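[1] Output the structure for:
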Amino acid sequence: MPGRLASLVVFWLATLAVPRGADGDGIMLVPAGAFWMGRDGGPPEEAPLHRVFVTDFWIERQPVTNAEFAAFLDATGLRPGTERRYDEDDPDARIHRRAGRWTADPGFEDHPVVEVSWFGARDYCRWRGRRLPTEAEWEKAARGDDGRPYPWGTSPPSADTAVFGRAYNATAPVGGRPRGASPYGVQDMLGNLREWTSTTFRPYPYNGNDGREGWSGPGAVVVRGASHDDAASELSVTRRRVYELRGASAGHHFVGFRCATSEDLGGY
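    Reported below is the predicted structural model:
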C-alpha cells in the first residue's frame, strides 16, 4: 500500500506541473461548444452579440517570441518567395542576423515577436504544423462562454492582468501576467501585442462557412487583441481591427501572433 500511495502522489504532483488542457508544448485545449461573440452597444462592426459554435481546437498559451521566430528564420530563410516574412530593417525589429545566424537581440528573447507580416506568421505556423486561429477561435479562447469583456473576467485592466499603457515598442516578456489568463489558461490575449488571425473582415453574424476564412490577400484581414501602447479603454476581447494587403504584407511594432491547430493532441 505505501508503494501504491507514493505512486499516486507522484502522479498527482505531475498533473499539477502542466495546466489542465495543455500539452508539454504549452498549447491549450479549447473544447467544442457555443459561446457569445461580439457585443451590442459598441462599435457597429462588433454587433450584434450572437452565439457561435466552435469545434475543438488548441491554441498556444503564449504569443510567439523573438527567439522562436529567429529559429524559424534561421531554418527557412527571410523571403523564400515574393512575400516578405519579417521587416528586419525596421528600427523596431528585435531579430537580426549575426555571424550568419538569425538571433533575437539580447534581453528580448522572451518578448513577443514584432515586425512579422501576416505571411510570416502564416508560414511560421505552417512550419510548426499549425495555423493561425480564426477570429472566432481567438475570441472564444479569450473570453470563454460567459460573455466576459476581458479574459480574466469583468474587472478593469490592471498592471497584473495585462501589458498596456506603455511607451512605443515597450513590450514585456510573454507569460508575465498569469492573473490575466483566460478561462482556458491562455495568456497575453489582451495587451503586449495585437494578433493576426486567418479571417477576412466581414460583418457579423460570424459564419465560418461563408468564405471569410482562409484570407489570402483580397479584402482585409482581421487583427485581434490589444497592444502594449494601447490605453486601457482599447482593451476588449470583442475589438476588431483590419489590414488591407499592403498593411498585412508589412510588420508592425504592435502586432504579433500565436498559432492554433485542430489536430487532436490527446492526453486530456
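[2] Every contact and neighbour count from this point should use C-alpha atoms.
    Fine.
[3] Need phi/psi at Arg179.
    Backbone torsions for Arg179, taken as degrees, to the nearest 10, come to phi -70, psi -10.
[4] ok now do it, which residues does it touch?
    Trp152, Asp160, Thr161 (C-alpha atoms under 8 Å, 6 or more residues apart in numbering).
[5] Just the buried residues of these.
    Trp152, Thr161 (16 or more other C-alpha atoms under 10 Å).
[6] Reformat the contacts of Arg179 as TSV; add pLDDT.
    Output for the contacts of Arg179, formatted as TSV (pLDDT from 0 to 100):
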residue	pLDDT
Trp152	98
Asp160	97
Thr161	98
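[7] Mind putting the contacts of Arg179 into TSV with distance to Asp145?
    What follows is the contacts of Arg179, written out as TSV (distance: C-alpha to C-alpha, whole Å):
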residue	distance to Asp145
Trp152	13
Asp160	23
Thr161	20
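[8] from the contacts of Arg179, which single one is nearest Gly211?
    For the contacts of Arg179, the minimum distance to Gly211 (C-alpha to C-alpha) is 31.8 Å, reached by Trp152.
[9] nearest spatial neighbour of the closest one, skipping sequence neighbours?
    Using C-alpha to C-alpha, 6 or more residues apart in numbering and skipping residues adjacent in sequence, the residue nearest Trp152 is Gly180, 5.0 Å away.
[10] tell me the phi and psi of that neighbour?
    According to degrees, to the nearest 10, Gly180 has phi -90, psi 10.
[11] That one touches Asn192, doesn't it?
    No - Gly180 sits out of contact with Asn192 when judged by C-alpha atoms under 8 Å, with a separation of 11.8 Å.
[12] can you list residues touching both of those two?
    Ala162.
[13] So which of those two has more stuff around it?
    When Gly180 and Asn192 are compared for neighbours, Asn192 comes out ahead with 30 against 26, by other C-alpha atoms under 10 Å.
[14] you'd agree that one is up against Thr161?
    No - checked against C-alpha under 8 Å, the pair Asn192 and Thr161 is beyond contact range at 10.9 Å.
[15] so who does Arg224 touch?
    Arg224 touches Glu135, Trp138, Arg194, Glu195, Trp196, Thr197, Val237, Thr238, Arg239, Arg240, Arg241, counting by C-alpha under 8 Å, 6+ apart.
[16] Mind checking which of the residues you listed are in helices?
    Glu135, Trp138 (DSSP state H).
[17] can you tell me which of the contacts of Arg224 lies nearest to Ala32?
    Once C-alpha to C-alpha is applied, the member of these that ends up nearest Ala32 is Trp138, at 13.4 Å.
[18] List the residues that contact that closest one.
    Contacts of Trp138 by C-alpha under 8 Å, 6+ apart are Thr197, Arg224.
[19] low pLDDT regions in the stretch 1-150 of the chain?
    For the stretch 1-150 of the chain, residues meeting the criterion pLDDT under 70 lie at 1-25.
[20] what element comes up after the top strand by length along the chain heading to the C-terminus?
    Using DSSP state E to define each element, the chain has its longest strand at strand 194-200. Next in sequence after strand 194-200, counting helices and strands by DSSP states H and E, comes strand 221-224.
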